[in-house]
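# need a 3D model of the following:
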Amino acid sequence: MIEPPGTYFVDRDQPELSSEETEIVRRFHELYYRRWLKQNGDTINLSWFGYELLKCPLDLWAYQELLVRTRPDFVVETGTYRGGSALFFATIFDRLGQGRVITVDIEARPNRPEHSRITYITGSSVDPAVIEQVQQAVGGRRAMVALDSDHSAGHVYAEMTAYSPLVQAGDYLIVEDTNVNGHPAFPDFGPGPMEAVDKFLCENDGFVIDRRCERFLMTLCPRGYLKRKQA
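Below is the predicted model of the structure:
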């Protein structure tokens, strides 16, 4: 017999870091990313039940906690890659006994995981036809959205505009890889997800950055966990 999910959740503000502690985190973050990007290290190359995904394990833990605490009906993911993260979400939903994953990518890569809770959509995440397909699938139900496709600022902003209406009060719009363009990793990237978040929040007051999701200190999504505020 599988035990039902528990009710213990860590959901509170965290102590501020000193300037010295902040610098330690920044330097570790820069090393963590540089090891992967320029030194052929495998810090970000993960395997979930034998399927590849590119994440920080601490972010996956944050995702798990959010999914169990908020219990959305859907995860809408852009940037499927090899399907490992979609399988991760589906596995959590299996344990919860509810939920489906809709994942979008411009390329249908072979040997992705097959799972009854996963729907793959091939196309650009900002193609109006793809957006409409996702909107119809979700309907009026609750969705967590995770954006991890093209990381240019314009594309991410367009995704945020398209998919944020799917996120209901108390649920999350998560923008991945806000750490690039010198935040603190990959300073030569150019305007990316962090800049898209800043623009989106300047124009939308319905979301707030939930820094409690960064309590492990190391995250590839700094200022990227956005929570829909209550109306």
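
# who touches residue 146 in this structure?
63, 75, 76, 77, 78, 85, 174, 176 (Cβ atoms under 8 Å, 6 or more residues apart in numbering). Placement of C-beta: from N, CA and C, glycine included.

# ok, residue 104 next?
76, 77, 78, 79, 80, 121, 122, 123, 125, 130, 134, 149.

# with residue 210 instead?
Contacts of residue 210 by Cβ under 8 Å, 6+ apart are 172, 225, 226, 227.

# can you tell me which of the contacts of residue 104 are classed as buried?
76, 77, 78, 79, 80, 121, 125, 130, 134, 149 (16 or more other Cβ atoms under 10 Å).

# sketch out the low-pLDDT regions of the chain for me.
1 (pLDDT under 70).

# if we go to 80?
By pLDDT under 80, the low-scoring segments of the chain are 1-2.

# in CSV, list the buried ones among the contacts of residue 104 along with distance to residue 158.
As requested, those are exported to CSV (distance: Cβ to Cβ, whole Å):
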residue, distance to residue 158
76, 15
77, 16
78, 11
79, 14
80, 18
121, 16
125, 8
130, 12
134, 14
149, 11
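
# nearest to residue 2 among the residues you listed?
Nearest to residue 2 among the buried ones among the contacts of residue 104: residue 77, at 25.1 Å, using Cβ to Cβ.

# pretty sure that closest one sits in a strand.
Yes - assignment of residue 77 by DSSP: H, G, I helix; E, B strand; the rest coil places it within a strand.

# show me what contacts it?
By Cβ under 8 Å, 6+ apart, the residues touching residue 77 are 85, 86, 89, 101, 102, 103, 104, 145, 146, 148.

# which of the contacts of residue 210 fall in strands?
The strands, defined by DSSP state E, take in 172, 225, 226, 227 from the contacts of residue 210.

# wait, the third one touches residue 208, no?
Yes - under the contact definition of Cβ atoms under 8 Å, residue 226 touches residue 208, with a separation of 7.0 Å.

# and residue 63, what does it touch?
88, 89, 92, 146, 174.

# can you pull the alpha-carbon coordinates of the host helix or strand of the fourth one into PDB?
Okay, so that is residue 146. Per DSSP states H and E: residue 146 is located in strand 143-147. Extracted C-alpha coordinates of strand 143-147, given in PDB (Å, rounded to 0.1, in the frame of the first residue of the first chain):
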ATOM      1  CA  ALA A 143      -1.700  24.700 -14.200                       C
ATOM      2  CA  MET A 144       1.900  25.200 -13.100                       C
ATOM      3  CA  VAL A 145       3.900  26.600 -16.000                       C
ATOM      4  CA  ALA A 146       7.600  25.900 -16.400                       C
ATOM      5  CA  LEU A 147       9.400  27.800 -19.200                       C
END
